[in-house]
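Chemist: Sequence first, predicted coordinates after that:
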Amino acid sequence: MGGNVAEWVHDYYEIPDDTPVNDSLGPADGEYHVIRGASWMHGTITELRLSFRDYGIDGRQDLGFRVARYAE
């Protein structure tokens, strides 16, 4: 899926610090949402990694989302 559209995720964006993390869920609230992966609009070597993270408030042309739920 890399290179098609970037993924808008429910997680809020924060700049990590040097403290160890035990809870990988991230912050409970915030202003910016995480945008993961690259898209047809952004294509540098760094952005093409699937682990690339960006942030934003508003939608944009190269942004999509994935509907998912926990398996029972």
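Modeler: Now that the structure is in, tell me what you want to look at. Since the structure is predicted, the reported quantities are computational estimates derived from the model, not experimental observations. Residues are numbered from 1 along each chain as shown.

Chemist: how many neighbours does Asp29 have?
Modeler: 5 (other CB atoms under 10 Å). C-beta: built from backbone N, CA, C; applies to glycine.

Chemist: Now it: closest residue in space, sequence neighbours ignored.
Modeler: Tyr12 (6.2 Å; CB to CB, 6 or more residues apart in numbering).

Chemist: Give the full set of residues in contact with the closest residue to Gln61 other than its chain neighbours.
Modeler: Nearest residue to Gln61, sequence neighbours excluded (CB to CB, 6+ apart): Met41, at 6.5 Å. With contacts defined as CB atoms under 8 Å, 6 or more residues apart in numbering, Met41 is in contact with Arg60, Gln61, Asp62.

Chemist: ok, of those, which come out buried?
Modeler: Not one of the contacts of Met41 meets the buried threshold, by 16 or more other CB atoms under 10 Å.

Chemist: For the residues you listed, give me TSV that also has distance to Gly37 and pLDDT.
Modeler: Shown next, in TSV, are these (distance: CB to CB, whole Å; pLDDT from 0 to 100):
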residue	distance to Gly37	pLDDT
Arg60	14	84
Gln61	15	86
Asp62	10	85
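
Chemist: of those residues, closest to Ser51?
Modeler: Nearest to Ser51 among the contacts of Met41 is Asp62, at 17.7 Å by CB to CB.

Chemist: can you give me the helices for this protein?
Modeler: Counting by DSSP state H, one finds no helices in the chain.

Chemist: Just the strands from the chain, written as ranges.
Modeler: 6-12, 33-36, 53-56, 63-64 (DSSP state E).

Chemist: from those, which stretch is densest packed?
Modeler: Counting by mean count of other CB atoms under 10 Å, strand 33-36 has the highest mean neighbour count of these, with a mean of 18.

Chemist: Residue ranges in the protein under the pLDDT threshold?
Modeler: For the chain, applying pLDDT under 70 flags the ranges 1-3, 23-24.

Chemist: before we move on, back to that, redo the contacts of Met41 as a markdown table? Include distance to Ser51.
Modeler: Output for the contacts of Met41, formatted as a markdown table (distance: CB to CB, whole Å):
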| residue | distance to Ser51 |
| --- | --- |
| Arg60 | 20 |
| Gln61 | 22 |
| Asp62 | 18 |
